[in-house]
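> Next one to model:
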Amino acid sequence: WGRVFSGGEGGQGAMKVRSSDSAMSSVSFNADLSCVVCAGPTGFGVFSTSPYMRLAWQATEEGGFNFAEMFERTNMLLLVGSVVSPAGFSDSSAVLWDHKRAERVLEITLPSVITGVSCTIGTIVVALEYRVAIYSVSQDFSSVAFERSVETVHNPWGIIALSPLGGERSSIACPGPRVGSIRVLIAKGECAELVGPGRAGRGERLVENAHKQLLSCLALNGDGSLLASASQAGTLVRLWATSQTDRPTLLRELRRGTLEADISHIAFSRSSSVLSCSSDAGTIHLFSLEGGDQAGQQSGIAASVLASVQGGQRSFARYDIGVRDPSVLCGVTDTGLVAVTSQGGVHVVTIDAEAPPESRCSLVSCSQLALDGEEEWMVDSSSDSD
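Presented below is the predicted three-dimensional model:
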């Protein structure tokens, strides 16, 4: 499946759709935003973003799927069923599925319902209601090994983030053991042991009071050096440095708005120079992350103090999808974005930071995901994927 929209950063996990009238249960991007992967009661599918095309569709009459996510740019998918079905899928097991051979490769069985998943080459992260489990996967997908699990606060939306470029050393972020706390840890290696319940172990960093309310969203940049977090208040996104100290350091606050909203998704561009934030207001805010951070760290000035005085950094551009929507997945590059709504609309948008503020986002195309029909598998012969 050839690259058609490069420069973005996928890998933040399959977003659970928070809409009761959607035909999708979850939606995610692959590693470079060239593909959208969705799961729902009628099956799962893979679609190219620009130009739009349905590349693969697996229909089912046996309960459907809660989650589907692609391993970067390979033929492997991670699938979670919605109920126990004759086909062997369930809502408490994660199946590695080879779409090219139309067969399961491996299965991970969990003790309770899976609320979220995220994967990249070498790592699978699975969220349960009160725990996150981490697994390592061999490069040829022939074996999977349990690495560790950590306690979280109640996490029904399966909030997790996985840095997409780290492999076995990927950084992982998830809710901590208390309201508003965040854990940041490494998928494999020295993080293998915990000190005790609610405390950080080796290779693990805990932010106790990142937010006053429950978390609504987390995102990591490609190498895991930056973390973005939002709470259910929905007015601010906080940006943290995760690689400078043992404890993540607050760099700045990004102001989405003054009225409360449900932030459904945040994402970094591959260069980490732009961050997107989508909410149920039907808007996507774009923030510039260039400049200021290193100077603040070197001088010892707390960026949080400046942010409090200034009310938080404002977005440099905003895109309006036209309707209120509780779940908008957004992938961003330095010059464009792809947004997928809970109703299956795919918006491809260019960004011109030099244009007047009201016209910095321009819609290039709008398509509708085809979430029904007969089984369909198409492979682009010019693809450079595995």
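> so where's the protein uncertain?
Filtered on pLDDT under 70, the chain yields the residue ranges 1-12, 86, 166-169, 188-203, 243-246, 292-310, 373-386.
> What's the end-to-end length of stretch 138-153?
30 Å (CA to CA, to the nearest Å).
> Sort out which residues of that stretch are buried, please.
F141, V144, E147, R148, V150, E151, T152, V153 (16 or more other CB atoms under 10 Å). Bear in mind the C-beta positions are built from the backbone N, C-alpha and C, glycine included.
> Check the gap between G63 and V84 for me.
Here G63 is placed at a distance of 8 Å from V84 (CB to CB, to the nearest Å).
> buried stuff in stretch 110-126?
Under 16+ other CB under 10 Å, the buried positions of stretch 110-126 are 110, 114-126.
> Save those as JSON lines, and put in secondary structure and distance to M70 too.
Formatted as JSON lines, the buried residues of stretch 110-126 follow (DSSP: H, G, I helix; E, B strand; the rest coil; distance: CB to CB, whole Å):
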{"residue": "L110", "secondary structure": "coil", "distance to M70": "21"}
{"residue": "I114", "secondary structure": "coil", "distance to M70": "17"}
{"residue": "T115", "secondary structure": "coil", "distance to M70": "20"}
{"residue": "G116", "secondary structure": "strand", "distance to M70": "16"}
{"residue": "V117", "secondary structure": "strand", "distance to M70": "11"}
{"residue": "S118", "secondary structure": "strand", "distance to M70": "11"}
{"residue": "C119", "secondary structure": "strand", "distance to M70": "8"}
{"residue": "T120", "secondary structure": "strand", "distance to M70": "10"}
{"residue": "I121", "secondary structure": "coil", "distance to M70": "11"}
{"residue": "G122", "secondary structure": "coil", "distance to M70": "15"}
{"residue": "T123", "secondary structure": "strand", "distance to M70": "14"}
{"residue": "I124", "secondary structure": "strand", "distance to M70": "13"}
{"residue": "V125", "secondary structure": "strand", "distance to M70": "15"}
{"residue": "V126", "secondary structure": "strand", "distance to M70": "16"}
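> Would you mind giving these as JSON lines with distance to E253 added?
Listed next are those as JSON lines, based on distance: CB to CB, whole Å:
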{"residue": "L110", "distance to E253": "36"}
{"residue": "I114", "distance to E253": "32"}
{"residue": "T115", "distance to E253": "28"}
{"residue": "G116", "distance to E253": "25"}
{"residue": "V117", "distance to E253": "29"}
{"residue": "S118", "distance to E253": "25"}
{"residue": "C119", "distance to E253": "30"}
{"residue": "T120", "distance to E253": "28"}
{"residue": "I121", "distance to E253": "33"}
{"residue": "G122", "distance to E253": "33"}
{"residue": "T123", "distance to E253": "30"}
{"residue": "I124", "distance to E253": "32"}
{"residue": "V125", "distance to E253": "27"}
{"residue": "V126", "distance to E253": "31"}
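> Name the member of those residues with the shortest distance to C217.
Nearest to C217 among these, counting by CB to CB, is G116 at 11.5 Å.
> Grab the nearest non-local neighbour of the closest one.
G158 (1.9 Å; CB to CB, 6 or more residues apart in numbering).
> contacting residues for the one you found?
Listed by CB atoms under 8 Å, 6 or more residues apart in numbering, the contact set of G158 reads G13, K16, I114, T115, G116, V117, A127.
> Doesn't I284 lie inside a strand?
Yes - residue state for I284 (DSSP: H, G, I helix; E, B strand; the rest coil) corresponds to a strand.
> What is the neighbour count of it?
Neighbour count of I284, defined by other CB atoms under 10 Å: 25.
> can you tell me how far it sits from C277?
Relative to C277, I284 is positioned 7 Å away (CB to CB).
> what residues do these two have in common as contacts?
Common contacts of I284 and C277, defined by CB under 8 Å, 6+ apart, comprise C330.
> what sits against S276?
Shown in contact with S276 (CB under 8 Å, 6+ apart): H265, I266, A267, I284, H285, L286, F287, C330, G331, V332, L337.
> just S19 next, same as before
Neighbouring residues of S19 by CB under 8 Å, 6+ apart: D325, P326, S327, S342, Q343.
> Just the helices from the stretch 201-350 of the chain, written as ranges.
Taking DSSP state H, counting those that start in this stretch, the helices of the stretch 201-350 of the chain run over residues 293-299, 303-310.
> show me where the stretch 101-250 of the chain has strands.
Counting by DSSP state E, counting those that start in this stretch, the stretch 101-250 of the chain has strands at residues 103-109, 116-120, 123-127, 131-137, 144-151, 161-162, 171-175, 182-186, 204-207, 215-220, 226-231, 236-241, 249-255.
> any chance of these in a markdown table, with distance to S22 too?
Shown next, in a markdown table, are the strands of the stretch 101-250 of the chain (distance: least, CB to CB, whole Å):
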| stretch | distance to S22 |
| --- | --- |
| strand 103-109 | 26 |
| strand 116-120 | 17 |
| strand 123-127 | 20 |
| strand 131-137 | 25 |
| strand 144-151 | 30 |
| strand 161-162 | 22 |
| strand 171-175 | 24 |
| strand 182-186 | 28 |
| strand 204-207 | 32 |
| strand 215-220 | 18 |
| strand 226-231 | 21 |
| strand 236-241 | 24 |
| strand 249-255 | 27 |
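> For V348, which of those strands is the nearest?
Closest among these, once you apply CB to CB, is strand 215-220, at 20.7 Å.
> partners of the closest one, with directions?
Strand 215-220 pairs in its sheet with strand 226-231 (antiparallel), by DSSP bridges.
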